[in-house]
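**Student:** Task: produce atomic coordinates for the following.
(one chain, ligands or ions: 2)
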Amino acid sequence: MFCDELKIKVVAGKGGDGCMSFRREKFVPKGGPDGGDGGNGGNIIIKVNPHLNTLSNLANKKIYKADQGVRGKRKNMHGKNAQNLILEVPKGTIILNEDKSEMLADLNKEGELFTIAKGGKGGMGNARFVSSTHQVPRFAETGEPGEEKEIILELKLVADVGLIGLPSAGKSTLISVISNARPKIAAYHFTTLVPNLGVVNMGGNDSFVVADIPGLIEGASKGKGLGHQFLKHITRTKLLVHIIDGFIPDTEKNYKTIEKELKNFSPELAKREKIIVINKIDLLSDDQIKDLTKKLKKVAKATKIFPISAVTKTDLKPLLYEISKKLIAIKEKEAAKPKTKPKKEIPILRPHLETVKFEIEKITKKEDHKIFRITGKRIEQLAIMTDIKNPEGLERMYHYIEKLGIKSAVERKGAKIGDKIKIKEKIIPYRK
Ligand SMILES: Nc1nc2c(ncn2[C@@H]2O[C@H](COP(=O)(O)OP(=O)(O)OP(=O)(O)O)[C@@H](O)[C@H]2O)c(=O)[nH]1
Ligand SMILES: [Mg+2]
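**Tutor:** Ligands and ions are numbered 1, 2, ... in the order given. A predicted model of the protein is given here:
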């Protein structure tokens, strides 16, 4: 299956809850707190796999969830961090937000990693809350939820093979019979107006992407016809396949026309490896095919020519095998070239949480019972991870409300007893 756009939901793992427990040993009547921390939830990471050509390996699921961190345990045992969930995509994948208004990543390099959803932090166990003034904390944090978002993956296909030729040579017909592309085909020139891309599956992991561009004519490199605007699309291809209509006269001249246009457009492109194909052999006699093959070998200085019929699907296999073989050889040659410093995979670090930033918004106008909504990464995270029904949890929130400067900030806005502070879904009465 071919797939170049996909909408998925990614849900990173929740952090494991911290544990609340007290040492219980024989002959020790009152042991100290020994609840361990929960493990971090798994991140969701997108990774470029250079062997993939489509997004179809991710198309069978709508939601991808990473595992949760394991809960902390007694005896100060830390819960295990969850494994990251790695989603593999082809090179040239871009990641967009749900409504495509923002591009989140543009993945072009082999092995490139991008953390799309961060796992939640594990909650701290009660052993962590011991202080000189607080010897027996009866409170542990809950694990932080993992990030979740809807995203769109889009594949900007980079073609391996470019089909070139005069108008009506049969380029679109060929791509329609060898790949998943279904372009318009017709008996008039310039049927193809924009490039078509198709993936040819050779079985197993072997596949390649073919680009069919509008026909080229004499003067194309100077802007005649349509093809020249699209020649740039094939400058990144590894291999060109020149399709020649065997049924029309002047085969050699037609061949040279295209060669000249390529050279004029880019001498470098003209030197690209090429396979020459004579199409429409269903309309030719064996002698005519032989004769054309001979002529083309000479003019193109080629050792092999591939006579085919795209319409009757005659002799397509040898052509496809040759393309695949050449591509493999080209890729191997490229891989053997000394690379500029091998890149190590970048380890994913938990980003440092922002410290003191928060914002206040008065959300009720009533003078008697004002509600101040507080937003800010750190304070929201604390609110999510703290059970305020637990009196010690509530005390902890008051501690941070004061420490992060929220208390004095709401006071400056006229906070009085009876007013409330809302952080995420939690409502905490203001106190002096
Ligand atoms: N008899 C025969 N006709 C073919 C063959 N391949 C293509 N054609 C016909 O040739 C005409 C042009 O085919 P297209 O595939 O649209 O040609 P194209 O090279 O994409 O043309 P442009 O998009 O205009 O550049 C159509 O009428 C096809 O049916 C073939 O192998 N044999
Ligand atoms: Mg076409």
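**Student:** What's opposite I278 in the beta bridge?
**Tutor:** I244, P307 (DSSP bridges).
**Student:** For it, list the residues it contacts.
**Tutor:** I244, G246, T251, I289, L292, T293, L296, I305, F306, P307, I308 (Cβ atoms under 8 Å, 6 or more residues apart in numbering). All C-beta atoms are positioned from the backbone trio N, CA, C, and that covers glycine.
**Student:** Ok, N60 next?
**Tutor:** Counted by Cβ under 8 Å, 6+ apart, N60 has zero contacts.
**Student:** can you pull out the helices in the stretch 151-300 of the chain?
**Tutor:** Counting by DSSP state H, counting those that start in this stretch, the stretch 151-300 of the chain has these helices, from start to end: 171-178, 227-231, 251-265, 267-270, 286-300.
**Student:** next one: the stretch 301-432 of the chain
**Tutor:** With DSSP H, counting those that start in this stretch, the ranges of helices along the stretch 301-432 of the chain come out as 316-336, 377-385, 391-403, 406-412.
**Student:** possible to save those helices as JSON lines with mean neighbour count?
**Tutor:** Converted to JSON lines, these look like this (neighbours: other Cβ atoms under 10 Å):
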{"stretch": "helix 316-336", "mean neighbour count": "14"}
{"stretch": "helix 377-385", "mean neighbour count": "19"}
{"stretch": "helix 391-403", "mean neighbour count": "16"}
{"stretch": "helix 406-412", "mean neighbour count": "16"}
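**Student:** Out of those, flag the one nearest ligand 2.
**Tutor:** Closest approach to ligand 2 among these (Cβ to the ion): helix 316-336, 17.2 Å.
**Student:** Mind checking if the closest one is in reach of ligand 1?
**Tutor:** No. Among the residues of helix 316-336, none lie within reach of ligand 1 under Cβ under 6 Å from any ligand atom; the closest is 10.0 Å away.
**Student:** Next, the residues that contact that helix from outside, please.
**Tutor:** 160-161, 177-178, 200, 202, 206, 208, 238-239, 241, 273, 275, 277, 304, 306, 308, 310.
**Student:** That helix vs helix 171-178, what angle?
**Tutor:** Here helix 316-336 runs at an angle of 90 degrees relative to helix 171-178 (axes from the mean of the first three to the mean of the last three Cα atoms, to 10 degrees).
**Student:** for helix 316-336, the distance to its chain's centre please.
**Tutor:** Distance of helix 316-336 from the chain centroid (Cα atoms, centre = their mean, to the nearest Å) equals 27 Å.
**Student:** Just list the residues touching K426, thanks.
**Tutor:** By Cβ under 8 Å, 6+ apart, K426 lies in contact with A383, T386, I388, M397.
**Student:** Of the helices of the stretch 151-300 of the chain, give the one that comes closest to E88.
**Tutor:** Smallest distance to E88 across the helices of the stretch 151-300 of the chain (Cβ to Cβ): 25.6 Å, for helix 171-178.
**Student:** Got the confidence number for the residue in the stretch 251-400 of the chain that ligand 2 sits nearest to?
**Tutor:** Residue of the stretch 251-400 of the chain nearest ligand 2, by Cβ to the ion: A310 (10.9 Å). A310 is assigned 97 on the pLDDT scale.
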